[in-house]
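Chemist: Provided below are the primary sequence and the corresponding predicted coordinates.
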Amino acid sequence: MTTTLILPGFNGSGEDHWQRHWLADHDDAVLVGQEHWGEPVLEDWLYNLESELIAHPGAILVAHSLGCILAANLAGRPAAEHVGGAVLVAPCDIDVTNVKHPGLIDFGAMPRRRLPFPSILVASRNDSYMEFDTARQYAGIWGSGLVDLGNAGHINVASGFGRWEDGYALASNFRFERESVVSRAA
């Protein structure tokens, strides 16, 4: 069974967030925990993600907001070979996020390398953390397919996203692909 690693963003994903529902609805889902959700440091977050990838090779990443930037920072790192695919939902623009939360986030610049694993970027046309044209640009830079959800805000609880079953379908494409490859190799 392919593991799904859940990568929340800044401050983690609260109780009613779609990522928490995902964890409750799927036995194969694992939260990539962070010691400091409210003061994220890229190197610390990467260490925790890479540890989970070593424990769960071939995992599908399901990231939200700053979690997407964490996933994109895997490009060029050895742990990226353990990723079976990624669903990147409502990535945040680091510059915008730093303005909204001054002095709290130590994530450096936006990653600008092509991802070495298949990915889908899910974006909204009225997300206050990343303009849609910027999301489209990063989908191109990262080599991600782009899903346009229209006016969906930051695709979180505040914009009406609790249990989000359409997200399950997006990840199932990677899961099917990964499990087919594993069964052919056996």
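Modeler: Alright, I've got the coordinates.
Chemist: Just give me the residue closest to the centre of this protein.
Modeler: Geometric centre of the chain, nearest residue: residue 63, 1.8 Å, by CA atoms, centre = their mean.
Chemist: who are the neighbours in contact with residue 99?
Modeler: Residues in contact with residue 99 (CB atoms under 8 Å, 6 or more residues apart in numbering): none are found. Glycine gets a C-beta too; all of them are placed from N, C-alpha and C.
Chemist: mind checking pLDDT for it?
Modeler: Per-residue pLDDT puts residue 99 at 95.
Chemist: chain center to the helix or strand where it lies: distance?
Modeler: Taking DSSP states H and E as the criterion, residue 99 maps to helix 94-100. Put simply, helix 94-100 sits 18 Å off its chain's centre (CA atoms, centre = their mean, to the nearest Å).
Chemist: Quick check: neighbours of the next helix or strand after that helix in the sheet, parallel or antiparallel?
Modeler: Using DSSP H and E, the helix or strand that follows helix 94-100 in sequence is strand 119-123. Its sheet considered, strand 119-123 pairs with strand 83-89 (parallel), strand 145-148 (parallel) by DSSP bridges.
Chemist: pLDDT averaged over strand 119-123 - what is it?
Modeler: 97.
Chemist: got the angle for the following helix or strand past that strand vs strand 119-123?
Modeler: As assigned by DSSP H and E, the chain's next helix or strand after strand 119-123 is helix 132-142. For helix 132-142 against strand 119-123, the angle by axes from the mean of the first three to the mean of the last three CA atoms, to 10 degrees is 170 degrees.
Chemist: how about helix 132-142: buried residues?
Modeler: Under the neighbour-count criterion of 16 or more other CB atoms under 10 Å, helix 132-142 has 132, 134, 135, 138, 139, 141, 142 buried.
Chemist: now it: how far from the chain's centre is it?
Modeler: 15 Å.
Chemist: do stretch 146-159 as well
Modeler: Taking CA atoms, centre = their mean, one finds the center of stretch 146-159 at 14 Å from the center of the full chain.
Chemist: do the same with stretch 114-132
Modeler: Here stretch 114-132 is found 9 Å from its chain centre; the criterion is CA atoms, centre = their mean.
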